[in-house]
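Colleague: just a sequence and a predicted model for now, questions to come.
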Amino acid sequence: MTFALSLAAISPAALAADAGERLGLPPSPASTEFVQQRTQFQLHTLLTEQRHPRTWNLSEVAATDPAQALSQLFSVDEDVARAFAALADDPQRMAKLHAASAAVQRALRDGHRIYFYGTGSTGRLAETLESGVWRPFWMRMQADPAWPRIAAKLPADLGERVRGEITGGDRALISSLEGFEDLQLIGALQMRDDGIGADDVVFAVTEGGETSAVIGTALAAADQRGEGTDRVWFVYNNPDEVLRPFERSRRVLDDARIHKIALPTGPQAITGSTRMQATTTSLYALGLVLEDALRALLLPHLPAADAQRLGLDAKDSIESRLRGFAGLQRTVAGSAPQLAQWTVREAQAYAGGRHATYLAGETLMPVFVDVTERAPTFRLAPLDRTDTTPPASWIRVWAPVATPQAAWDALLHRPFHGLDAAQYRPQFEQKVDDPALRGTALRSLERAGAEQQALYDLSWSPQNRERLPPQTDDLGVLLRYAGEPVDALARQWWQAFGDAGAGRLTVTVGHGAGAGDDLKGLDGAAQGIALDLPQRRDPLGLDRTLALKMLLNAHSTAVMARLGRTVGNTMTAVQPGNLKLIGRATYLIQSHVNAVLDGKRWRARHGATAPLSYAEANVVLYEAIDQRARLPEAAQLPEVELAIVAVLERLDNGKPLDWAGAARQLRDKGLNGYLRERN
């Protein structure tokens, strides 16, 4: 059971007094400011921030039965299938998707651009639509026998006319750049930087529906043209009614110039981790809008045989493809028993102080996205830079190419885009009134430039082979789409891992994945994982992209749950690095403490205990942040977990908060073990 107390009727002075008195801890100025003035970032009422009942005990199940844990995680994707079926049956909502497709078609025919913009997971979604879906299609198209016959009949440079952008530029693909997400200004600046004009179509995508940078993009795009256009679209995953209390969200919802595509599916498999079902929903729906526009553009120019080979058929529609998602989801969910072997082996590697390395060619974008999104979700070190000594990341993701530049080309299929500090700094200094936000954004700006590309090597390069060679008991995973050839460099990588005594595994996704013919001659590959998808017309490769995404999301989450990086289905290791995450961390502390206070064992010992208030939880969070920074015993421990133990010990024995003691308990038992004792 969890508690969420309203602060509206409580005065700031009362909040401070309440928090200070019971915990023996006066509120810091930062905590007082957050509780009193940052109410727009206290987002625990959002549907996407609630706990899902199907994964409530995920950490316990993952420790003993990884296949069942994976089944729990996949079962939450059924929410997406149901949401799509309901959407397909709703003419009013479908009219919006068809209008979006029509807007895309007109823009492409007239030589304009389609712009997808998001922050964090939705920023990676935006770049996936461009670099993982759209650009690869046109690369295949230009290699197709039909291309010479139809190229002159199509608008010019169609492959260049979809642009995906993440808040902070391409460097933010690797890890978030704090301070940017909370600024509406940066969305407008990046749109201008990308050259998006009044005739281009803009999709501003935010899972929560409240991300400031994305809202800034939508509003700035609307200001470019004014009333009566269908070029600006706001895409989000929470019901309107839970967003209306937030002023910035309400401003977009009430703006008639901005069209809304609401795609709520419910709570996430990991509480608040919208990289999972929310992003799956938006990625597939927006991918289908592109697919629908593609059919309209190409079918008039293609003979039936060419259209069939390219996966295009006039009988397909957005509705039919939405309904077909349920079959795709069931197929992915059926992989849980064979996927469990990978989950166990990767968890063993990390527990033994070893590493996992993923090699990905055509699968590089969805693989890269899942790997990079693990870091903020589970408090892991981000991918190592070439100068990181010693290496800190548990995992590497490489492309089967020989140079760093070739790897970036394989990922993006376009030049790397960084933010020019000379262009952005004056705008931050002049237009960001909040000193804390301004300072954070200016510091992040120093790590957002184009020069950042040179600091990361995502290739099977000679330098990486020397710097990060495979070791005994490491795990190497070759991820590929069905039919994708395994070239000489990939075979060399595979052999190097075998020679080093590392574990090896192949993961193949797509129609015909079970055949295995294309893996012949790759020793030790016979026991790999094969996810054979139903054969459907899928010109952009959306089915295989989404199937691999769902598979990777479930696998990586189960690995981390098995290693104790979640408590139940909550990410208690979350790093409170921005205002939204400070709010989430506060609510996690409040929820877990109050679950213990409401438990039978606590009541038997103490009787009824007043629940921890949101203000109290925030006070102790800020103190935990400070203690973690200066107390040796608390170094490397998550602030949320440290705060939960410290508060419960204080309320149990009445003694002053003992941060060193809380740290020792966490190191000895882990939060899962500690809470099992308490409950």
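Modeller: It's in.

Colleague: where does F203 land in three-state SS?
Modeller: Here F203 is strand, with the state taken from DSSP: H, G, I helix; E, B strand; the rest coil.

Colleague: for it, give the beta-bridge partners.
Modeller: Listed by DSSP bridges, the beta-bridge partners for F203 are F116, W233.

Colleague: so who does it touch?
Modeller: Residues near F203 by CB atoms under 8 Å, 6 or more residues apart in numbering: A100, I114, Y115, F116, Y117, A126, W233, V235, L286. Where C-beta positions appear, they are placed from N, C-alpha and C, glycine not excepted.

Colleague: what ranges do the strands span in this structure?
Modeller: 114-118, 162-166, 201-206, 232-236, 259-262, 356-360, 395-398, 475-481, 503-510, 529-532 (DSSP state E).

Colleague: run a quick neighbour tally on P148.
Modeller: Counted with other CB atoms under 10 Å, the neighbours of P148 add up to 9.

Colleague: how far away is it from A304?
Modeller: For P148, the distance to A304 equals 18 Å [CB to CB, to the nearest Å].

Colleague: about what we covered before: could I get the strands of the chain in TSV, plus columns for mean pLDDT and distance to Q142?
Modeller: Converted to TSV, the strands of the chain look like this (pLDDT from 0 to 100; distance: least, CB to CB, whole Å):
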stretch	mean pLDDT	distance to Q142
strand 114-118	98	19
strand 162-166	98	15
strand 201-206	98	23
strand 232-236	98	29
strand 259-262	98	31
strand 356-360	98	23
strand 395-398	98	27
strand 475-481	97	19
strand 503-510	96	21
strand 529-532	95	28
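
Colleague: could you pull out the helices in the stretch 251-400 of the chain for me?
Modeller: Assigned by DSSP state H, counting those that start in this stretch, the stretch 251-400 of the chain shows helices spanning 277-298, 304-309, 318-333, 336-351, 364-378.

Colleague: which of these sits closest to L108?
Modeller: Evaluated over the helices of the stretch 251-400 of the chain, closeness to L108 peaks at helix 277-298, with 6.3 Å, by CB to CB.

Colleague: about what we covered before: any chance of the strands of the chain in CSV, with distance to L312 too?
Modeller: What follows is these, written out as CSV (distance: least, CB to CB, whole Å):
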stretch, distance to L312
strand 114-118, 19
strand 162-166, 17
strand 201-206, 21
strand 232-236, 24
strand 259-262, 24
strand 356-360, 27
strand 395-398, 32
strand 475-481, 19
strand 503-510, 18
strand 529-532, 23
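
Colleague: now E484: phi and psi?
Modeller: phi -70, psi 130 (degrees, to the nearest 10).

Colleague: that one reaches L519, doesn't it?
Modeller: No: using CB atoms under 8 Å, E484 makes no contact with L519, being 10.4 Å away.

Colleague: what about stretch 317-324, average pLDDT?
Modeller: The average pLDDT within stretch 317-324 is 98.

Colleague: run a quick neighbour tally on the closest residue to T122 other than its chain neighbours.
Modeller: Nearest residue to T122, sequence neighbours excluded (CB to CB, 6 or more residues apart in numbering): V205, at 4.3 Å. Neighbour count for V205, taken as other CB under 10 Å: 32.
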